[in-house]
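> Below are the sequence and a predicted model; questions follow.
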Number of protein chains: 2
Amino acid sequence: MISDEKQKYDSKGYLLYEGFYTNSLAQSIKEEARRVIHEEDDERKILEKSGVARSFFSPENNSDLFYRLNREKNMLRLAKELLGGEVYTHQTKINIKHALIGDVWEWHQDFIFWAKDDGMPAPNVLTAMVFLDDVTEFNGPLMIIPGSHQMGMLQETQKAASNHDKEWNEKYVNTKSYLSALSADLKYTLGQQEILGMAEKRGIVSAKGKAGSVLFFHGNLFHASPNNLSPWDRYVYLITYNRVDNQPDFPKNPRPAFLANRDFTPLEAMEMAYPVVSPEVCQPDIQYPISR
Amino acid sequence: MISDEKQKYDSKGYLLYEGFYTNSLAQSIKEEARRVIHEEDDERKILEKSGVARSFFSPENNSDLFYRLNREKNMLRLAKELLGGEVYTHQTKINIKHALIGDVWEWHQDFIFWAKDDGMPAPNVLTAMVFLDDVTEFNGPLMIIPGSHQMGMLQETQKAASNHDKEWNEKYVNTKSYLSALSADLKYTLGQQEILGMAEKRGIVSAKGKAGSVLFFHGNLFHASPNNLSPWDRYVYLITYNRVDNQPDFPKNPRPAFLANRDFTPLEAMEMAYPVVSPEVCQPDIQYPISR
């Protein structure tokens, strides 16, 4: 079964599992996310301009639930299968897209940030997005161009980046430079021609589903997300798994460890203290209508 | 048949007709829209910050096609039926939501702009939105809270406006004041409590459909729209029909006529020179899933 999945993943760059976890487990994770964000007040908490928390990195440092979730056996087995080897977490974060104000994210690839900022050698890296609320067309779902990961890391994004860097440096000259990867005003974005070329060929899909669903997506997949225009906050948890033999060659002034983990120990599966759904019962690949 | 429609419209505040016009008529209107925007270069053309046209008002002044479309017999019959009397156009505009950059519009009601800025006495006014491209979840569809028009024009929006006015005046002190109603940075928006209260009761729907579809919506209906994240521009044409006995009592320095029409002559039905679809074959009310 898994190798069918691997084939689909290689072709499309993502897999969406509806109901990978139970709704009640999703609810428990969300409550734990709120607790950690409320109780921990350090640089791992990234704020919106309005002062509310937008992201919280490495919650597993203060939470047994998140520590176990990173190692949950069904998710870990899939991450290893899709990446083809032992894995560790390069980055983990809780993301909150706030009611009415949660921002748009432009089209981008993730891997370029890890390559440029952390020195990660190859795109043998994926992110598992665990839905902690229902994700709908109204609250800023991930939009994806299937197969776009096959383009590799684009030169265009690097060009855009060099223009952006100047503006960015002027704007944030007195703040921590790593913040540039954490804002919706992204440092590396995709050019219109690349987006158009891929979308004409493969269309656009959006990753929607009930709380407890999980989306696995490739580090080079083109993705974007609109504002959350619903009046309800929308929580997700993102785990970036990297292959153990793909350790970054960190630059001289590396980003802090809570953003780019230095512990490369292969993860070992753990049981959750909460009921999980067996992946056998999952719908393996819900594709939504193409945009035109 | 029409009075069933009237009943639905009164209850929900909108009616969406899939395929009200043929795809080829929609295509002809879009080509005409492009021609007018290209050839006419005056204050009716509203630009994005980037310099591309976002809106063009009163295209019927330079186009037989738009002149006839405002009076197209099926649309006009519905507008009269839903408003309960003779009608004229208070405002018409072509709207372009540009690929990748087309902006988000916050939750708002339309009538408050016409009441405050033009002196329109009552919300006996509706807008027909003619889709000139397919409208999908990817290109900034109108999001709607069904039944929200029954709340009337909200005080909250007026409060928000008074705060906004100061900022606005500071920001645009040297520009034409009527521009405040034409920007995505709206002067009158709805408060979170009002949006939440209505959405909890009635959910949120989005108005999507093929090119040629038409959405009729009440002047007090809560609506918003996300960015256009697709790489394709999205055109719509908006006709605001007002009841003839609901003529504005214009203030001393009224907005220009291209924004707030002074010709209150009841419209008379005209034939289009293009094939139209009889409303009998329309799907009268496509409702999309509620957000949670």
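Perfect, I can see it now. In this text, all values refer to a predicted model and were calculated from it rather than measured experimentally.
> What helix or strand is A:Met129 located in?
strand A:125-131 (DSSP states H and E).
> what about the closest residue to A:Thr92 other than its chain neighbours, helix or strand, and which?
Distances taken as Cβ to Cβ, 6 or more residues apart in numbering or on different chains place A:Ile239 nearest to A:Thr92, at 5.1 Å, with adjacent residues excluded. Backbone N, C-alpha and C define where each C-beta goes, glycine included. Secondary structure from DSSP H and E places A:Ile239 in strand A:234-243.
> what does A:Phe113 give?
helix A:111-118.
> now do A:Met143
Secondary structure from DSSP H and E places A:Met143 in strand A:142-144.
> Provide the strand pairings for that strand, with the direction of each partner.
Its sheet considered, strand A:142-144 pairs with strand A:205-207 (antiparallel), strand A:223-225 (antiparallel) by DSSP bridges.
> All the helices of the stretch 51-200 of chain A, in order from the start?
Taking DSSP state H, counting those that start in this stretch as the criterion, the stretch 51-200 of chain A contains helices spanning A:64-70, A:73-83, A:111-118, A:155-171, A:192-202.
> taking the mean pLDDT, what do you get for the fourth one?
In other words, helix A:155-171. Average pLDDT, helix A:155-171: 47.
> thinking again about what came up before, partner strands of the strand holding A:Met129, with direction?
Strand A:125-131 has its sheet partners listed here by DSSP bridges as strand A:214-218 (antiparallel), strand A:234-243 (antiparallel).
> Next up, the contacts around A:Ile145.
The contact partners of A:Ile145, by Cβ atoms under 8 Å, 6 or more residues apart in numbering or on different chains, come to A:195, A:198-199, A:202-205, A:221-223.
> Look at the closest residue to A:Trp105 other than its chain neighbours and say how many residues are nearby.
Spatial nearest neighbour of A:Trp105, excluding adjacent residues (Cβ to Cβ, 6+ apart): A:Ser225 at 4.8 Å. Applying other Cβ atoms under 10 Å in any protein chain shown, we find 26 residues neighbouring A:Ser225.
> looking at the strands paired with strand A:125-131, which is buried most?
strand A:214-218 (a mean of 25; mean count of other Cβ atoms under 10 Å in any protein chain shown).
> sorry, back to before: I'd like to know which of the strands paired with strand A:142-144 is closest to A:Val52.
strand A:223-225 (17.8 Å; Cβ to Cβ).
> hmm, who's touching that closest one?
By Cβ under 8 Å, 6+ apart, the list of residues contacting strand A:223-225 reads A:97, A:104-110, A:140-145, A:217, B:229.
> And the contacts of the strand holding A:Met143?
By Cβ under 8 Å, 6+ apart, the residues outside strand A:142-144 that reach it are A:13-14, A:129, A:135, A:204-207, A:215, A:217, A:221-226, B:138, B:229.
> Single out the most deeply packed of the strands paired with strand A:142-144.
strand A:223-225 (a mean of 26).
> So what's the gap between that strand and the chain middle?
What separates the centre of strand A:223-225 from the centre of its chain is 11 Å, taken as Cα atoms, centre = their mean, to the nearest Å.
> Surely A:Lys6 is within a helix?
Yes: with DSSP: H, G, I helix; E, B strand; the rest coil as the criterion, A:Lys6 is assigned to a helix.
> Now for it: which residues touch it?
Per Cβ under 8 Å, 6+ apart, neighbours of A:Lys6: A:81-82.
> quick one: it from A:Glu81, how far?
To A:Glu81, A:Lys6 is 6 Å away according to Cβ to Cβ, to the nearest Å.
> and if you look at A:Gly203?
Distance from A:Gly203 to A:Glu81, by Cβ to Cβ: 26 Å.
> So these two - more neighbours on which side?
Neighbour count, other Cβ under 10 Å: between A:Gly203 and A:Glu81, A:Gly203 has more, with 19 against 15.
> was I right about that one contacting A:Pro146?
Yes: between A:Gly203 and A:Pro146 a contact is recorded at 7.1 Å, counting by Cβ atoms under 8 Å.
> Just give the number of residues close to A:Gly19.
Residues lying near A:Gly19 (other Cβ under 10 Å) number 18.
> Over to A:Thr136?
24.
> got it, and A:Glu40?
15.
> pretty sure it contacts A:Phe57?
No: the criterion here is Cβ under 8 Å, and A:Glu40 misses it with A:Phe57 at 10.3 Å.
> between these two, what contacts are shared?
By Cβ under 8 Å, 6+ apart, no residue touches both A:Glu40 and A:Phe57.
> SS state for A:Leu16?
Classified using three-state DSSP, A:Leu16 is strand.
> And the residue lying closest to it once chain neighbours are set aside, how close does it get to chain B?
In space, and not counting its chain neighbours, A:Leu16 is closest to A:Leu215: 4.9 Å by Cβ to Cβ, 6+ apart. Distance, A:Leu215 to chain B, by Cβ to the nearest Cβ, to the nearest Å: 16 Å.
> just A:Tyr274 next, same as before
As judged by Cβ to the nearest Cβ, A:Tyr274 and chain B stand 22 Å apart.
> mind listing what the closest residue to that residue other than its chain neighbours touches?
With sequence-adjacent residues excluded and distances taken as Cβ to Cβ, 6+ apart, A:Tyr274 is closest to A:Leu25, at 4.7 Å. A:Leu25 makes contact with A:212, A:272, A:274-276, according to Cβ under 8 Å, 6+ apart.
> Do you know the pLDDT at A:Leu25?
At A:Leu25, pLDDT is 95.
> Make sure it is indeed in a helix.
Yes: under three-state DSSP, A:Leu25 falls within a helix.
> rewinding a little: could you give the angle of the helix holding A:Phe113 to strand A:214-218?
Relative orientation of helix A:111-118 versus strand A:214-218 (axes from the mean of the first three to the mean of the last three Cα atoms, to 10 degrees): 70 degrees.
> helices or strands next to helix A:111-118 in the packing?
Applying 3 or more Cβ pairs under 8 Å, 6 or more residues apart in numbering or on different chains; DSSP states H and E, we find helix A:111-118 packed against strand A:87-97, helix A:155-171.
> chain center to that helix: distance?
14 Å.
> Pretty sure A:Leu78 sits against A:Phe216.
Yes: A:Leu78 is within contact range of A:Phe216, at 6.4 Å (criterion: Cβ under 8 Å).
> Next, show the common contact partners of those two.
Common neighbours of A:Leu78 and A:Phe216 (Cβ under 8 Å, 6+ apart) are A:15, A:128.
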